[in-house]
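Student: show me how the following folds:
(chains A and B)
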Amino acid sequence: MKARAAALARLALATLLVTALPRAVSQAPGEPPAGKQSGYAWMARETRAIQDDALANPGMLSVLDGEALWARKAGTAGLACADCHGDARLSMKGVATRFPAFDARLGRPLNLEQRINACRTERQAAPALRYESRDLLALTAYVARQSHGLPIAPPADARLRPHVEAGRAEYLRRQGQLNLSCAQCHDGLADRKLVGNPITQGHPTGYPIYRLEWQAVGSLQRRLRNCMAGVRAEPHPYGAAEAVNLEAYLMWRARGMPLETPAVRP
Amino acid sequence: MSGRVLVTVPRTARRGEIIEIRTLAQHVMETGYRRNEVGRPIPRDIVRLFVCTYNGVEVFRAELHSAIAANPYLVFTTVATESGTLAFRWSGDNGYTATESVAISVT
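Tutor: Below is the predicted model of the structure:
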């Protein structure tokens, strides 16, 4: 199944190159096409139904795991997230709409996963959770779920600005053996197709998502690695500064759009 | 964590009414046909059987196989006959079991 999907994706890209060489990007560089739309808008009715129903959306199983972890003591400090942050429904409401955010002590932006891990290591005195591990995805999904329906609101923080700009440059940069930029697909070819599958505007509105192709929950960074591998570029390591900058730019690009965590994607 | 399950059943129903039951079980459903990065087969790990009983009487049973997606979602119906308990049981490879039960009041 997965090998076949990968083969299909390669074929898809080859076909894309032959049949759909990117049109001139008409909007300002790095700005989404007029009328921002979530990937949800391109999904089949059946897939939307899975996302919309909290009792059918498999991403909710991860949210529930996160809820359990929130209340569980960890590390040598013997503290749970709840011991400091109380009821996540109140304390974490809106938090995910503001990430990545600049961390003054570290002098760089942190995405939500890294922010959670900072609390793990510094406040709980527990080992950091591995990127893409079940527990880190669950905590991230649980925290982000508390912002469900709230508009993405990147902080107006001058220290974040250069990182958003670096992310934008990364988004516009052609890369990989196929020499394609993110913008060529998600701005220039949005609403066109890659072998039957729609190309969307590439907004990070639903992360962590439950992706049917993965048969699992995954982070935005995992999704971006798929796009990079798709153009045969070398993906950034998980949590790398370039990847966080790109995330910061994507959130800025999607500002105002409601969060859908946990979204379902094909 | 060996698997969360979510079950939706109407809490109340009229006698004779057809009720819809929805279940979602957290499970990887590893097919047994895939290989890992170094080419070794990944052992099969699937839910093999799901059974629903209504006051001890079996009303629905499903055998699951390798082609079924992760986190199997099953929807079925039964007739509300009397107040009591709907019990659900999933079982599969590597000693996997999960159970849940829900009370229903029939008037």
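Student: count the neighbours of residue 41 for me.
Tutor: Picked chain A for this. Other residues near A:Ala41 come to 14 when the count uses other CB atoms under 10 Å in any protein chain shown. C-beta coordinates here come from the backbone N, C-alpha and C atoms, glycine included.
Student: try again with chain B
Tutor: B:Pro41: 10 surrounding residues under other CB under 10 Å.
Student: tell me what it is bridged to.
Tutor: Beta-bridge partners for B:Pro41, by DSSP bridges, are B:Arg35.
Student: now do the one 10 residues further on
Tutor: Bridge pairing for B:Val51 (DSSP bridges) gives the partners B:Arg61, B:Arg89.
Student: I figured it hits B:Val59, correct?
Tutor: No: the criterion here is CB atoms under 8 Å, and B:Val51 misses it with B:Val59 at 9.1 Å.
Student: pLDDT below threshold where in chain B?
Tutor: For chain B, residues meeting the criterion pLDDT under 70 lie at B:1-2.
Student: go again using 90 as the cut-off
Tutor: Scanning chain B for pLDDT under 90 picks out B:1-3, B:67.
Student: next: the stretch 151-266 of chain A.
Tutor: Along the stretch 151-266 of chain A, segments meeting pLDDT under 90 span A:191, A:195-196.
Student: in the chain, mark out all the strands, start to finish.
Tutor: By default, I'm working from chain A. Ranges of strands in chain A, per DSSP state E, are A:101-103, A:108-110, A:193-194, A:197-198, A:209-211, A:216-218, A:264-265.
Student: oops, wrong one, chain B.
Tutor: So, for chain B - with DSSP E - the strands run B:5-8, B:12-13, B:18-25, B:47-54, B:57-63, B:73-79, B:84-92, B:97-106.
Student: A:Gly149: which of these is closest?
Tutor: strand B:5-8 (21.1 Å; CB to CB).
Student: quick one: is that closest one near chain A?
Tutor: Yes: using CB under 8 Å from any CB of the partner chain, strand B:5-8 reaches chain A at B:Leu6, B:Thr8.
Student: sheet-wise, list the partners of that strand with their directions.
Tutor: Partners of strand B:5-8 in the sheet, by DSSP bridges, are strand B:18-25 (antiparallel).
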